[in-house]
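Chemist: Just a sequence and a predicted model for now, questions to come.
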Amino acid sequence: MQNVIEVRGLKTQFDERIIHENISLSVPKGSIYGLLGPSGCGKTTLLKEMVMLQEFHGGAIEVLGKKLQDIGYDDAMSLRREWGVLFQAGALFSSLNIRDNIALPLVEYSDLSEAMISEIVAFKINIVGLKASDAYLYPSQISGGMKKKAALARALAMDPKLLFLDEPTSGLDPISARDFDALILKLRDLLGLTIVMVSHDLRSIYDTLDYAAVLDEKKVVYEGNLDNIFGVENHFIKTFFSGVQR
C-alpha cells in the first residue's frame, strides 16, 4: 500500500528538552491514522511538524512525495494547498461569518470567480451537515459542534488529499462527538481522503481509526491496527485501553 506520509528518525528538541527521539512511522494512503499517547508526549507537535508549522531538528518527514527538511518556498506553498487542517478549537475568525470563513482559502489562494466560490462554499457547508441558512451566522452564534463542522468545511475548501485533525471531538457532548466521528468516516470515503488525527477520545479512536502510532517516552512504542495493541508491554497502553473490547 502506498504511503502518503513517511517519518524517519525524527528528533524534536526544545532547548535542552527532547520531545521526540528517533521516531519513525508511515501513513498509508486512504487510511484514518491516529497519533495517540499521554499528554505531553508530542502528538500535536508531530502533527504541526507534518504541516510545516513547527521545525524539527533531525531525521526526515516526507509528505506526498515532498521532503520537508529541504523543501523550497514554491514547493512548500504548493504542498500546503494539498492538505486541510482542523485545529482543536476550530480557529474560526470571529469577525467573519461561516460563509466567509470557509471561502477565505479560496479567495486567498485561487483565481476562481465569486460565483464559483459561492457554489463551492455551499457544497462544503452541505457535506459537513450544516444548513444553508447557517452560512451567515457568526462563530459566536453557533454551538461547539457547528463550529467544528464549519472549521472542517474550511479545511476541505481547497479539495485536499490530506486532512489533519487535532482532537476533533474535544469539547463536544457524547452525541455530537459520535455524529462527528460518523461524518469523518463518510467524508473519507466520499472524498478519498487520507486523515491524520490526534485524539484522546477512546470511543472515537475505536470507531474511526484504521491504524495508530502510540508515542511515549520520546519514541513510537506501537504502530499498527488496534487489534494487536493489547500485547504491548507499555504502561500508557495498558492503562488507556484497559477493559476495552472492540
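Modeler: Cool, got the structure.

Chemist: so for the top helix by length along the chain, what's the average pLDDT?
Modeler: When the chain is parsed with DSSP state H, its longest helix is helix 174-191. Taken as a whole, helix 174-191 has a mean pLDDT of 93.

Chemist: Show me what that helix is packed up against.
Modeler: In this structure, helix 174-191 packs against strand 32-36, helix 144-155, strand 194-198, helix 202-208, with contacts taken as 3 or more Cβ pairs under 8 Å, 6 or more residues apart in numbering; DSSP states H and E. C-betas here are computed from N, CA, C, even on glycine.

Chemist: Output the ones you listed in JSON lines, with mean pLDDT appended to each entry.
Modeler: Output for the helices and strands packed on helix 174-191, formatted as JSON lines (pLDDT from 0 to 100):
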{"stretch": "strand 32-36", "mean pLDDT": "96"}
{"stretch": "helix 144-155", "mean pLDDT": "92"}
{"stretch": "strand 194-198", "mean pLDDT": "96"}
{"stretch": "helix 202-208", "mean pLDDT": "92"}
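
Chemist: can you redo the ones you listed as TSV with distance to Ala132 and mean neighbour count?
Modeler: Formatted as TSV, these follow (distance: least, Cβ to Cβ, whole Å; neighbours: other Cβ atoms under 10 Å):
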stretch	distance to Ala132	mean neighbour count
strand 32-36	28	24
helix 144-155	12	23
strand 194-198	26	24
helix 202-208	27	17
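
Chemist: tell me how far the longest helix of the chain is from the chain's mean position?
Modeler: Its chain's C-alpha centre and that of helix 174-191 lie 13 Å apart, by Cα atoms, centre = their mean, to the nearest Å.

Chemist: List of residues touching it?
Modeler: Contacts made with helix 174-191 from outside it, assessed by Cβ atoms under 8 Å, 6 or more residues apart in numbering, are listed as 30, 32, 127-129, 143-145, 148-149, 152, 156, 159, 163, 165, 168-169, 172, 193, 195, 197, 201, 203-204, 207-208.

Chemist: in it, what counts as buried?
Modeler: Residues Ser176, Ala177, Arg178, Asp179, Phe180, Asp181, Leu183, Ile184, Leu187, Arg188 are the ones in helix 174-191 that count as buried (16 or more other Cβ atoms under 10 Å).

Chemist: so where is this protein shaky, pLDDT-wise?
Modeler: Counting by pLDDT under 70, the chain contains low-confidence residues at 1, 243-246.

Chemist: which residues touch Asn22?
Modeler: Residues in contact with Asn22 (Cβ under 8 Å, 6+ apart) are Gly9, Leu10, Lys11, Gly59, Lys219.

Chemist: and the third one, what are its bridge partners?
Modeler: When bridges are called by DSSP bridges, Lys11 pairs up with Glu21, Gly58.

Chemist: and it, how many neighbours?
Modeler: Summarising burial for Lys11: neighbours were counted as other Cβ atoms under 10 Å, giving 15.

Chemist: can you check the second one too?
Modeler: Residue crowding around Leu10 was assessed by other Cβ under 10 Å; the count is 24.

Chemist: which ones are touching it?
Modeler: Taking Cβ under 8 Å, 6+ apart, one finds His20, Asn22, Ile23, Ser24, Leu46, Glu49, Phe56, Gly58, Gly59, Ala60, Ile61 in contact with Leu10.

Chemist: repeat for the last one
Modeler: With contacts defined as Cβ under 8 Å, 6+ apart, Lys219 is in contact with His20, Glu21, Asn22, Ile23.

Chemist: So which residues make contact with the host helix or strand of Ala103?
Modeler: Secondary structure assigned from DSSP states H and E places Ala103 in helix 98-109. Helix 98-109 is touched from outside by 81, 92-93, 96, 112, 117-118, 120-121, 124-125, 130, 134-139, 142, 150-151, 153-154, 157-158, with contacts defined as Cβ under 8 Å, 6+ apart.
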